[in-house]
Each structure stands twice: as structure tokens, then as C-alpha cells.
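no sequence on this one, just coordinates:
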């Protein structure tokens with residue numbers, strides 16, 4: 001198992017296009033979704049015929065690449081049989097098989113030019129403007145997750161990729177609405193966090209290459225400060241959530257957290273819930289008070305903060 005060397009622009013783009021279409025998103029993503037819907041250019045709309053709200057679009061559309069242009073080259077170079085198979089197998093199940101999609105499957109030149117324009121327009125609107133924050137979030141996540149593996153083992157690191165993650169023997173289980181079973185092909189796994197996704201992890205299984213396990217990073221993109229936070233822990237968790245974790249190095253109530261950070265009690269409770277789901281804090285009710293404190297993982301993360309990469313000021 002390895003960690004991806006950098007965020008993948010086209011994979012993040014697929015998640016961003018999916019988020020634009022979802023009826024319900026976590027509150028932290030709702031404002032981003034509203035802005036994205038308002039600004040999505042007309043040239044990007046054909047992607048809605050390929051990428052559903054579940055983000056399970058054709059696999060040739062989201063190669064693992066370190067740059068957008070490299071990824072676009074990989075899309076254009078996808079074998080015709082692979083493209084045809086993905087489109088004719090996946091689109092009828094998740095999206096209508098429109099005349100344009102059929103033209104893509106038949107390698108029609110104009111249809112592919114429309115696809116390239118759509119990918120460029122969507123990238124420039126949804127992903128490109130935030131790329132420095134995406135990279136900052138990714139770098140911090142990678143250092144933290146690598147340290148977690150070194151100190152607590154691969155099983156703990158993988159189970160903590162999303163709330164409810166657990167092992168049953170040699171099977172890693174995440175809670176989801178659908179019953180989905182994934183069998184790996186024996187070529188290893190690449191971990192890839194995404195700040196544009198807040199749902200269960202998704203596995204892209206490849207027959208002759210490492211499979212890709214894509215999971216939500218510790219902080220969704222909107223929590224990463226617009227000015228690009230220079231504090232490493234803030235880059236990983238978001239400024240306010242990092243402050244909550246630092247405060248909970250000693251036990252405090254929800255009210256204590258709200259007063260100390262000058263935020264509302266519901267906001268403090270929401271940040272505590274996110275940290276608890278990430279197994280960074282524990283929560284205990286004593287009478288009417290709700291007490292929170294760091295877990296060993298949370299303390300490790302605070303200790304590791306000095307090792308996380310600093311983010312240059314934009």
C-alpha cells in the first residue's frame with residue numbers, strides 16, 4: 001500500500017461535478033455547492049451526462065495524474081474498447097445513453113472535442129481556483145496519515161479513513177446505504193484523500209495496476225482557509241477545528257469550547273462530532289455537561305503538527 005504522490009485533478013473534478021448535483025450535502029459543503037451551481041459554465045454541462053451524483057462515472061474519465069494536462073492526455077489516449085465498454089456498461093445504469101455519449105463511444109471527433117471543452121471549463125470553474133488549498137490539504141493529510149500508520153499500524157490507519165470504519169477479520173468495512181463488496185486484484189492499493197468528497201470511501205479497482213482507495217480528507221475543502229492557512233494543523237483540519245483539537249488536549253465541555261473560541265455552542269458541538277468521528281477525541285456525558293478530550297490518536301496528531309509541512313502564503 002502506498003500514498004498517492006499528489007492530489008489528482010481529474011478525480012477531484014469528478015467529485016466536484018458530483019457534488020454540484022447532489023440533493024443533500026453536509027452543511028460545510030452547502031455554500032460551496034451553491035456558488036458552484038451559480039458559476040458552472042455552459043461548456044461544462046455535458047459532464048452531467050457522464051458523472052452522476054454518486055461520482056461513479058466512467059473510469060477512463062478520472063485517471064490518477066499529478067497535473068490536469070497530463071490527466072487530459074490520459075483521457076484522450078484511453079483505448080477505444082475501454083471507453084466503449086465503460087460508457088455502454090455504466091451510462092445506462094446511472095445516466096441516459098444520450099446521442100452525444102454514443103458518439104463518444106464511437107470515437108466521434110466532434111464529440112471528443114466537446115468532452116475536452118467540458119473538462120477544461122469545469123476544471124477552471126470548480127477545481128482550478130482552489131488548487132493551492134487542495135494541495136495544502138493533501139500534503140498535511142499525507143504526513144498525518146503516514147505517521148498514523150507508523151505508530152498504530154495499517155489496520156488502524158485504514159479503519160479511520162471514514163466514520164464507522166472497522167475490521168472483521170481481513171475485511172475492511174465502511175457503513176453505506178448500498179451493499180457493495182470490493183475484491184482487490186493483488187496489485188496493491190494507492191491511498192488518495194479528497195477535499196471535495198465527504199461520503200464513504202470509494203475504491204477504483206484496476207485489473208493490471210494498483211487499485212485506488214479514495215477517501216474524504218480530514219477537512220472538506222471549504223474548511224481550509226481561503227487565505228491558505230500557514231499553520232500545518234489548520235491546513236489539515238481547518239482553522240477552527242484545529243483550535244478545538246488543541247483546546248481538548250485537556251478535558252473541556254462543549255460550553256467551554258464555545259466560550260474559549262468565541263463560537264456558538266451548536267458550532268462547537270458540530271466540530272466535536274467531526275473530531276469524534278475521526279477518532280481524535282472522546283465524548284462523555286456527566287449529568288447535563290458533555291465533556292470532550294483527545295484520544296491517543298488526537299494527541300499524536302497534535303505532537304505531529306510540528307512535522308507537518310508549512311503552507312506558503314498565497
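That came through, no problem. None of the values given here were measured: they were computed from a predicted structure.

hang on, residue 3 packs against residue 144?
No. Here residue 3 lies out of contact with residue 144, judged by Cβ atoms under 8 Å, at a distance of 10.9 Å. The way it works is simple: take the backbone N, C-alpha and C, and place the C-beta from them, glycine included.

compare the two and say which is more crowded by neighbours.
residue 144 (25 against 16; other Cβ atoms under 10 Å).

find me the pLDDT at the more buried one, would you?
As predicted, residue 144 sits at a pLDDT of 78.

cool, and residue 63?
At residue 63, pLDDT is 90.

let me see the contact set for it.
The neighbours of residue 63, taking Cβ atoms under 8 Å, 6 or more residues apart in numbering as the test, are 8, 10, 71, 74, 75, 78.

what segments of the stretch 201-314 of the chain are helices?
232-237, 239-247, 254-261, 265-277, 296-304 (DSSP state H, counting those that start in this stretch).

could those helices go into TSV alongside mean pLDDT and distance to residue 152?
Output for those, formatted as TSV (pLDDT from 0 to 100; distance: least, Cβ to Cβ, whole Å):
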stretch	mean pLDDT	distance to residue 152
helix 232-237	74	17
helix 239-247	89	17
helix 254-261	92	26
helix 265-277	89	17
helix 296-304	78	7
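
strands of the stretch 51-200 of the chain, residue ranges please.
166-168, 171-173, 189-194 (DSSP state E, counting those that start in this stretch).

most tightly surrounded among those strands?
Ranked by mean neighbour count, the strands of the stretch 51-200 of the chain are led by strand 189-194 with a mean of 22 (mean count of other Cβ atoms under 10 Å).

which helix or which strand is home to residue 28?
helix 27-39 (DSSP states H and E).

closest to residue 244 out of the strands of the stretch 51-200 of the chain?
strand 189-194 (20.4 Å; Cβ to Cβ).

check the offset of the closest one from the chain's centre.
Offset of strand 189-194 from its chain centre (Cα atoms, centre = their mean, to the nearest Å): 9 Å.

name the helices or strands packed onto that strand?
strand 2-3, helix 9-21, helix 131-152, strand 211-216 (3 or more Cβ pairs under 8 Å, 6 or more residues apart in numbering; DSSP states H and E).

now it: mean pLDDT?
92.

cool, and stretch 37-44?
The average pLDDT for stretch 37-44 rounds to 95.

cool, and stretch 165-183?
On average, stretch 165-183 scores 84.

which residues touch it?
155, 158, 159, 161, 162, 163, 164, 199, 200, 201, 203, 205.

nearest to residue 38, of those residues?
residue 199 (23.0 Å).

and the contacts of stretch 165-183, which is closest to residue 101?
Using Cβ to Cβ, these come closest to residue 101 at residue 205, 22.8 Å.

quick check: the gap between the closest one and residue 8.
Noted for residue 205: a distance of 16 Å to residue 8, by Cβ to Cβ, to the nearest Å.

tell me which of the two has more neighbours.
More crowded of residue 205 and residue 8, by other Cβ under 10 Å: residue 8, with 26 against 16.

and the nearest residue to the more buried one once chain neighbours are set aside, what does it touch?
Nearest residue to residue 8, sequence neighbours excluded (Cβ to Cβ, 6 or more residues apart in numbering): residue 64, at 5.1 Å. Neighbouring residues of residue 64 by Cβ under 8 Å, 6+ apart: 4, 8, 11, 190, 192, 212.

partners of the closest residue to the first one other than its chain neighbours in the sheet?
So that's residue 4. Of all residues not flanking residue 4 in the chain, residue 192 sits nearest, at 4.4 Å (Cβ to Cβ, 6+ apart). Counting by DSSP bridges, residue 192 forms beta bridges with residue 214.
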